[in-house]
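Colleague: after the sequence you'll find the predicted model.
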Amino acid sequence: MTFTVKIPTSGWYVLGNARLHQSLTPGLEGPFDRDGFVLVDVAVADGRIKGIAPRGDRPKPPRTIELAGRIVLPCFVDCHTHLDKGHIWPRMPNPDGSFMGALEASGSDRLVHWSAKDVARRMDFSLRTAFAHGTKAIRTHLDSIAPQEEISWPVFAEMREQWQGRIELQAASLIGIEGVREAAWFARLARRVAAAKGVLGAVTYMVPDLDELLDRVFATAMEFGLDLDFHADETDDLTAVSLRRIADAALRHRFEGKILVGHCCALSRQPDREVKVTLDRAAAAGLGVVSLPMCNLYLQDRRPDGTTPRWRGVTLLHEMKARGIPVAVASDNTRDPFYAYGDLDMLEVFRMATRILHLDHPVGDWPRTVAAGPAAMMGLEDAGMIAVGAAADLVIFKGRSWTELLSRPEADRIVVRAGRAIERKLPDYAELDDLMGGTNGHRGAEA
């Protein structure tokens, strides 16, 4: 059957026989299939969803666009990205695929190339890509090591203004936790983040004064009214327990803002008794956790002796969710030294996460991890759900089940924003050739 759907450019309409998921549609009534889907009609008018009704044996409503059981999801929410690093791979690849190789390569590229023009061009390219794939909201980390914070934060403010109404854009500062020791500079950074309505963030690792530094981070966030976002334990080191230290600090300070922690890879390597203590404290502290399955599969357990990796690199999402800890998955890096691939396509992220983390059999409410879950973590009210009264921001797929949806790229998906189909045009990598020395790295690769 040919998949042809034409969304009207004006007036109201009904998506007939749309397949919606129970985890992403509040109050949805069954009967559900084994994947959690049910067939419904969705009425759209004035850019919003006006009604959702079980299909059953009812006559076809007027102005119906027949979907014949195709899956419809809310537009995606990507809560952990690095748009400032995106697409630098051609001019600064990771020499060996290791974490240290990524740190050194990205740091070198930042020092040499990250002007306002360079960051803005690459960020805009990334946002156009995500928009075409159906993403509605993104949080990006911004390298904020001096003097880069004076360049990238103004660029972010410009990008957020330019993309208003298309992608809700948030930013979190990214510095190593040792940078917090410079109290006066860190306070200035927090003031800059607050002025940009951003999120205060840092990368934590097991430095001797970690608790003292975390106390300063939490106190500063409370002073400026900021939420927090950490990178934590992105390693296989069994002694890396900064996730637990973050939870302890949140409890000490009785922190009331939102806290999102990314990676937490070491947790899956630690003894069960240690895991239980950490997860109990994380749950008590109200932390949210985002796993970055593609990037961590790429970086973690990469072996210099050429032997096969034996560890997936992801954290314990199943155990976290069982304790009521909010969880999500996200894109992380895109075509930079931390991950040579990726396209800010949250369908690809969920497909890979399903395979790596076993988010299936049953599917349960795992689809929330790319929509409603991260939307809540980012404090977004009108995102991540298909609900009466919500914006008609939808992605219509050809697949009619999870096995169909997650088996193909779905390159011909239809993205609907405010009830109208967008022009899905992915930017051409050649647009960035002048930033990469004119050849986008191809001449060097051939040489």
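Modeller: Perfect, thanks for sending it. Numbering: from 1, shown residues only.

Colleague: give the helix, strand or coil label for the residue located most distally from the centre of the chain.
Modeller: Within the chain, the residue lying farthest from the chain centre (C-alpha atoms, centre = their mean) is residue 59, at 40.0 Å. Following DSSP: H, G, I helix; E, B strand; the rest coil, residue 59 is assigned to coil.

Colleague: please apply the same query to residue 51.
Modeller: For residue 51, the assignment made with three-state DSSP gives strand.

Colleague: got it, and residue 73?
Modeller: strand.

Colleague: domain ranges for this protein?
Modeller: 13-74+385-421, 76-377 (automatic domain parsing).

Colleague: which of these is buried the deepest?
Modeller: Highest mean neighbour count among the domains of the chain (mean count of other C-beta atoms under 10 Å): domain 76-377, with a mean of 20. No exception for glycine: its C-beta is placed from N, CA and C like everyone else's.

Colleague: off-centre distance for that domain?
Modeller: Domain 76-377 sits 9 Å away from the centroid of its parent chain (C-alpha atoms, centre = their mean, to the nearest Å).

Colleague: go on, stretch 397-411?
Modeller: Chain-centre distance of stretch 397-411: 20 Å, with C-alpha atoms, centre = their mean.

Colleague: please list the residues outside it that contact it.
Modeller: Under the contact criterion C-beta atoms under 8 Å, 6 or more residues apart in numbering, stretch 397-411 has outside partners 3, 19, 33, 35, 37, 68-73, 347-348, 350-351, 354, 360, 363, 412-413.

Colleague: can you flag which of the residues you listed belong to helices?
Modeller: 347-348, 350-351, 354 (DSSP state H).

Colleague: on that earlier part again, what about the residue farthest from the centre of the chain, distance to residue 226?
Modeller: Separation of residue 59 from residue 226 (C-beta to C-beta, to the nearest Å): 53 Å.

Colleague: for the stretch 101-250 of the chain, just list every one of the helices.
Modeller: For the stretch 101-250 of the chain, helices defined by DSSP state H, counting those that start in this stretch occupy the ranges 116-133, 149-162, 183-195, 210-224, 242-253.

Colleague: can you add mean pLDDT and give those helices back as TSV?
Modeller: Formatted as TSV, the helices of the stretch 101-250 of the chain follow (pLDDT from 0 to 100):
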stretch	mean pLDDT
helix 116-133	98
helix 149-162	98
helix 183-195	98
helix 210-224	98
helix 242-253	98
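
Colleague: in CSV, list the ones you listed along with distance to residue 80.
Modeller: Below are the helices of the stretch 101-250 of the chain laid out as CSV (distance: least, C-beta to C-beta, whole Å):
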stretch, distance to residue 80
helix 116-133, 13
helix 149-162, 15
helix 183-195, 17
helix 210-224, 18
helix 242-253, 15
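
Colleague: what pLDDT, on average, does stretch 74-83 get?
Modeller: Average pLDDT, stretch 74-83: 98.

Colleague: same question, stretch 5-21
Modeller: Stretch 5-21 comes out with an average pLDDT of 96.

Colleague: endpoints of that stretch, how far apart?
Modeller: 20 Å (C-alpha to C-alpha, to the nearest Å).

Colleague: the stretch 251-400 of the chain: helices as residue ranges?
Modeller: Remark: helices assigned in the stretch 251-400 of the chain by DSSP H, counting those that start in this stretch are 272-285, 293-299, 317-322, 346-357, 372-377.

Colleague: a markdown table for these, including mean pLDDT?
Modeller: As requested, those are exported to a markdown table (pLDDT from 0 to 100):
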| stretch | mean pLDDT |
| --- | --- |
| helix 272-285 | 98 |
| helix 293-299 | 97 |
| helix 317-322 | 98 |
| helix 346-357 | 98 |
| helix 372-377 | 98 |
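
Colleague: which among those helices is found nearest to residue 431?
Modeller: Across the helices of the stretch 251-400 of the chain, residue 431 has its closest neighbour in helix 346-357 (21.1 Å, C-beta to C-beta).

Colleague: convert the C-alpha atoms of stretch 421-428 to PDB, please.
Modeller: Output of stretch 421-428 as PDB, limited to C-alpha atoms (Å, rounded to 0.1, in the frame of the first residue of the first chain):
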ATOM      1  CA  ALA A 421       3.100  19.800   7.700                       C
ATOM      2  CA  ILE A 422       6.600  21.300   7.500                       C
ATOM      3  CA  GLU A 423       8.900  21.100   4.600                       C
ATOM      4  CA  ARG A 424      11.300  18.400   5.700                       C
ATOM      5  CA  LYS A 425      14.600  19.500   4.100                       C
ATOM      6  CA  LEU A 426      17.800  18.200   5.700                       C
ATOM      7  CA  PRO A 427      20.700  20.500   5.300                       C
ATOM      8  CA  ASP A 428      23.600  19.400   3.000                       C
END
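
Colleague: show me what the mean pLDDT comes to for that stretch.
Modeller: Rounded mean pLDDT across stretch 421-428 is 97.

Colleague: which positions in that stretch come out as buried?
Modeller: 421, 427 (16 or more other C-beta atoms under 10 Å).

Colleague: got a list of what the nearest residue in space to residue 68 that is not next to it in sequence touches?
Modeller: Among residues not flanking residue 68 along the chain, residue 17 sits closest, at 5.7 Å (C-beta to C-beta, 6 or more residues apart in numbering). Counting by C-beta under 8 Å, 6+ apart, residue 17 makes contact with 39-41, 55, 66-70.
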